[in-house]
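Trainee: give the three-dimensional model of this entry:
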Amino acid sequence: MEPQEHWIKSLMTFAKDSKFKIISSVLLSIISVFSGLVPYWAVYKIVFLMINGHKELNHIIFYIIIAILAYILQVICFGCSTMLSHVTAYDILSNIRKQLARKLMRLPLGVVESKKIGELKNIFVDKVETIELPLAHMIPEIIGNLLFSISIFVYIIIIDWRMACAMLITIPISFFAFKKLMSGFNETYEEQMASNNYMNSAIVEYIEGIEVIKTFNQSHNSYKKYKDAVNDYKTHTLNWFKSTWGYMNLGASVLPSTFLGILPVGMYLISINQLTYAEFFICLALSLGVIAPIKNFTNYVNQIKSIQYAITEVHQVLNLEEMEISKQFKAPQNTEITFKDVGFSYFNDRNNLIFNHLKFDIPEKTFTAIVGASGSGKSTIAKLLSRFWDVTVGEIQIGGVNIKDIDPKRLNDLVGFVGQDNFLLNLTFKENIKLGNPEATDEEVENAAKLAQCHAFIKKLPDGYDTNVGSVGDKLSGGEKQRVTIARMILKNAPIIVLDEATAYVDPDNEQKIQEALNALTRDKTLIVIAHRLSTIKKADQIIVLGNHQILEKGDHKTLMELNGNYKRMWGIHMDAKNWGVSS
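Mentor: Numbers count the residues shown, from 1 in each chain. Here you go, the predicted model:
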């Protein structure tokens, strides 16, 4: 894994396309800050005129107009700065989410599936969203608040350096309070975020598993886990607040008390004729004006930490090791498939392989079935062929070319995969089927649906093929969803077809029809079927039996039955299961 990049550098990388807006926002913020000082200066001039007996109305009106114009300029510049910073913040959020999505497409599926849904959702949605509000305000406001405070301090130094020092008398006490407040901040924040992540995962699990929870009457136990996660987060939050509220209140109450220093010092300087009343008044006004920006700046500490934590988590995902991409792609000459000493582990652990030294060939335009006990790696072999993962040892070839050296888009065109999980996107039925071939016509979509035996039930829907899957998703059976995914694969028309028990959820009335459609579809193509029901692969040209991390037997149905070994035993169990009934 690459070295961890500093979060600020990562943030600037995401913001590289928004540099002009960031610079413009900062410049407008600076103009706004200095415009905000002008009304103080104008009030000072008016007070000076009044004290010295100059009561000409035109002079007073002149300074009032200057103060109003400066205030209007301040509001306009600050508003434009904030607008640009908000646009920049959403540009950055958009870039982060796009990069995360692109990253997931380049990661091995095993890495993605090892992440909890709640954890990924938390990063993609919640963590990224926490960046927006502080970032949108930090760009103009942190710079503005700092500059404003520094400018006021310099202005008071120009009036009298002793008044400037007197204004800072509360800083040491406040600094002590805030230092104690920040003690152990990083560790506590880490614990807080860990508790938050666990709570999010528990919530997602509780909601997604509500059907299972109700079915098995586990609502009490599952709710307890959910409740404990929520209470744990609440406890962390309250304990953190309780441990810091004293120092927080001390700092917040002492910091604004600038009068404690500036009032007695100012009165003393007036008494010895080293400070005018006008200067004393403006110092008092400015000392009050400097506190709000300082308090705002301290409020950003926690928000800065939230950005740091979010960017760090995003960067951890973006820094995950990707699948190897060849520097020079090669084109396979045919669709013959070869497994050469293939071994695989989900976590690239050579000492804990699911299978090892797999050697077999699948000739072009033949039917190969893979069978074996649950957990023997049947479905994994199918997914390795599509490069959902990369092999740990050995290599897989198509047409004599290592699949790592085939352009991923070309490999995707070569292999059509229908798995046991039938996921339909929240689109129309037509759009879901056209994922197999976006250029397909409506007629081609309907023909594919007819072959997959899903045309009839789709036409009965309120809007037919234009019905959104999400609006009727809960009303579709597992078999209906599976037939739509088969239609999608039919439309793709790939030369290599992998069926991972593609008829598992199809009812008996439609199984024969779909089997005929699949037979027509797979004619003159290289077909691989991962089978649990052995009757569906009896006519396979080659049957591979997996077990004990290796190939146990290989041959056609007749040959394997004559061996009187593992396959024949599995066939006997399968036939017994078909004949079994509740009455027996």
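Trainee: tell me which stretches of the stretch 301-450 of the chain form strands.
Mentor: Ranges of strands in the stretch 301-450 of the chain, per DSSP state E, counting those that start in this stretch, are 337-344, 355-362, 367-372, 393-398, 401-402, 415-418.
Trainee: make a markdown table out of those and add mean pLDDT.
Mentor: Below are the strands of the stretch 301-450 of the chain laid out as a markdown table (pLDDT from 0 to 100):
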| stretch | mean pLDDT |
| --- | --- |
| strand 337-344 | 92 |
| strand 355-362 | 89 |
| strand 367-372 | 91 |
| strand 393-398 | 93 |
| strand 401-402 | 93 |
| strand 415-418 | 83 |
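Trainee: using TSV, please lay out the ones you listed together with distance to residue 575.
Mentor: From N, CA and C alone the C-beta is placed, and that goes for glycine too. Below are the strands of the stretch 301-450 of the chain laid out as TSV (distance: least, Cβ to Cβ, whole Å):
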stretch	distance to residue 575
strand 337-344	30
strand 355-362	26
strand 367-372	14
strand 393-398	33
strand 401-402	40
strand 415-418	26
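Trainee: who wins for proximity to residue 239 among those?
Mentor: For the strands of the stretch 301-450 of the chain, proximity to residue 239 was assessed by Cβ to Cβ; strand 337-344 is nearest, at 45.7 Å.
Trainee: one step back: could you dump the strands of the stretch 301-450 of the chain into JSON lines and include mean neighbour count?
Mentor: Below are the strands of the stretch 301-450 of the chain laid out as JSON lines (neighbours: other Cβ atoms under 10 Å):
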{"stretch": "strand 337-344", "mean neighbour count": "19"}
{"stretch": "strand 355-362", "mean neighbour count": "18"}
{"stretch": "strand 367-372", "mean neighbour count": "24"}
{"stretch": "strand 393-398", "mean neighbour count": "18"}
{"stretch": "strand 401-402", "mean neighbour count": "18"}
{"stretch": "strand 415-418", "mean neighbour count": "23"}
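Trainee: so which of these comes closest to residue 83?
Mentor: Closest approach to residue 83 among the strands of the stretch 301-450 of the chain is made by strand 415-418 (47.4 Å; Cβ to Cβ).
Trainee: packing partners for that closest one?
Mentor: With contacts defined as 3 or more Cβ pairs under 8 Å, 6 or more residues apart in numbering; DSSP states H and E, the packing partners of strand 415-418 are helix 378-385, helix 478-492, strand 496-500.
Trainee: and this protein, what are its domain boundaries?
Mentor: 7-318, 337-579 (automatic domain parsing).
Trainee: got those as CSV, with distance to residue 327 columns?
Mentor: Putting these into CSV (distance: least, Cβ to Cβ, whole Å) gives the following:
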stretch, distance to residue 327
domain 7-318, 15
domain 337-579, 9
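Trainee: what segments of the stretch 1-150 of the chain are helices?
Mentor: For the stretch 1-150 of the chain, helices defined by DSSP state H, counting those that start in this stretch occupy the ranges 7-14, 19-51, 57-106, 109-114, 117-121, 128-159.
Trainee: and of those, who's closest to residue 336?
Mentor: helix 109-114 (24.8 Å).
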